[in-house]
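Participant: Please find the sequence and the predicted model below.
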Amino acid sequence: MTKYDNTLIRLRRPFFWLGMVAAVWLVVGCATMGKGNRGTYQSEDYIIQKLQQDTTPVALAERFLEDPRRAWVIEEANPGATYQKGKTVIIPLKDDNRAGLFREGYQVVPILCYHRFGATCRSALCVSETSFRAQLDYLKDNGYRTITLGELYDFINYKRAVPLRSVVITIDDGYRSIYDIAYPLLKEYGFTATMFVYTDFVGATSLAASWDQLREMKAAGFEIESHSVSHSDLTLKRKDESDLDYRQRITMELTQSKAIIDRELNQDTRFMAYPYSKYNRWVLAQTAAAGYRLGLTVERGVNPFFIDAMVLKRSQVLKEDLDYFSSRIATLHPVTLD
């Protein structure tokens, strides 16, 4: 058993004892409160229910939490549960640990960065379909859950907890291989992802995804966000370009890409991936002024709730072996208080 697994057990221990007490109440038939039926106990913090029929965490989350994506809350509160008729389950109604703080350390969220996909690949920025499937298998088999950047934004602003083994998948540039290869595989595994597109590229060649394809992916729950207009280095002033011209051009890269994506996808584009991971203090200020709420780099690392929202860290997936891949997705940063 790993140190991380021990942490999960300690985190869930209050749910275990709460469940034991609830089971006794339900057996003797005295646990009815508020609008609950016989076999149900409800407080401001929890619902404890004896199941009247076989069900699933997704169905329970949709019924009690009004969001099927919150099924993980029920699963993490009921480790090993089978959700069969007659079983007792705990349904937390509030996030108890929005910061992800534990005795052993604090929760961090890794963000993976991909670019292109293919049947076979020669470039380090391309991941083969076979390798991508193996990586998704690894995530699924080891209990990882993909979250959106919107959910991560709420986590780092202390608004909500996220699953203990959360990971964000991002894909930069807007290549058609996202639609042809990555998108079907991600749907097959029940995962989501965020695409960062630079608007000059969308639909420009047969290698690029189209706006219709991006609309389809958005409708399926994937996020489409900004990677600028032309994929220019936002920190680089061109030869013979005045300071004023440089500042106007970079402001255009930020504001126009957002405006175009907003118009094409009928949304409020809130997240920016800096081209080439290049930024400076002025670029950060302009990115925020343009209406973006998160800025993403490819500086390697992971993201606790106290990370600077405008310089999130990502790990580029540049090698295809699983040992390399697994080294990039830690979700607990250990802290020793000796």
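Facilitator: Okay, I see it. These figures come from a predicted structure and were not determined experimentally.
Participant: Kindly check the end-to-end length of stretch 256-275 for me.
Facilitator: End-to-end distance for stretch 256-275: 15 Å, by Cα to Cα, to the nearest Å.
Participant: Kindly apply the preceding question to stretch 49-68 instead.
Facilitator: Taking Cα to Cα, the first and last residues of stretch 49-68 lie 18 Å apart.
Participant: can you list contacts of that stretch?
Facilitator: 26, 39-41, 47, 69-75, 78, 83-89, 91, 93 (Cβ atoms under 8 Å, 6 or more residues apart in numbering). To be clear about C-beta, it is placed using only N, CA and C from the backbone, and glycine gets the same treatment.
Participant: Neighbours of the nearest residue to residue 136 once chain neighbours are set aside, how many?
Facilitator: Once flanking residues are discounted, residue 136 sits nearest to residue 189: 4.8 Å by Cβ to Cβ, 6 or more residues apart in numbering. Neighbours of residue 189 under the rule other Cβ atoms under 10 Å: 13.
Participant: for residue 125, same thing?
Facilitator: Residue 125 has 15 neighbours, counted by other Cβ under 10 Å.
Participant: That one and residue 72, how far apart?
Facilitator: Separation of residue 125 from residue 72 (Cβ to Cβ, to the nearest Å): 31 Å.
Participant: likewise residue 323?
Facilitator: 27 Å.
Participant: Tell me which of those two has more neighbours.
Facilitator: Counted by other Cβ under 10 Å, residue 323 and residue 72 do not tie: residue 72 has more neighbours, with 20 against 7.
Participant: now the contacts of stretch 49-68: which count as buried?
Facilitator: Neighbour counting over the contacts of stretch 49-68 (16 or more other Cβ atoms under 10 Å) leaves 26, 39-41, 47, 69-75, 78, 83, 88-89, 91 as the buried ones.
Participant: quick one: which of those sit in strands?
Facilitator: 40-41, 47, 88-89, 91 (DSSP state E).
Participant: okay if I get those residues as a markdown table plus distance to residue 174 and pLDDT?
Facilitator: Shown next, in a markdown table, are those (distance: Cβ to Cβ, whole Å; pLDDT from 0 to 100):
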| residue | distance to residue 174 | pLDDT |
| --- | --- | --- |
| 40 | 49 | 82 |
| 41 | 50 | 87 |
| 47 | 43 | 93 |
| 88 | 48 | 92 |
| 89 | 42 | 94 |
| 91 | 40 | 94 |
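Participant: Tell me if I'm right that residue 225 and residue 195 touch.
Facilitator: Yes: taking contacts as Cβ atoms under 8 Å, residue 225 lies within contact range of residue 195: 7.0 Å.
Participant: State the mean pLDDT of the strand or helix carrying residue 170.
Facilitator: In the assignment (DSSP states H and E), residue 170 maps to strand 166-173. Across strand 166-173, the average pLDDT comes to 98.
Participant: Domains in the protein, by residue range?
Facilitator: Following automatic domain parsing, one gets these domains for the chain: 3-92, 102-334.
Participant: Now tell me which of those domains the model trusts least on average.
Facilitator: In terms of mean pLDDT, the lowest-scoring of the domains of the chain is domain 3-92 (a mean of 74).
Participant: Could you pull up the residues touching the residue nearest to residue 136?
Facilitator: Residue 189 neighbours (Cβ under 8 Å, 6+ apart): 136, 139-140.
Participant: and if you look at residue 299?
Facilitator: The neighbours of residue 299, taking Cβ under 8 Å, 6+ apart as the test, are 277, 311, 313-314.
Participant: Residue 228 too?
Facilitator: Residue 228 touches 198-199, 234, 253-254, 257, 272, 274-275, counting by Cβ under 8 Å, 6+ apart.
Participant: Take those residues and lay them out in CSV including distance to residue 306.
Facilitator: As requested, those are exported to CSV (distance: Cβ to Cβ, whole Å):
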residue, distance to residue 306
198, 30
199, 32
234, 25
253, 29
254, 25
257, 28
272, 20
274, 21
275, 26
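Participant: Among those, name the ones in helices.
Facilitator: Counted as lying in helices by DSSP state H, out of the contacts of residue 228, are 253-254, 257.
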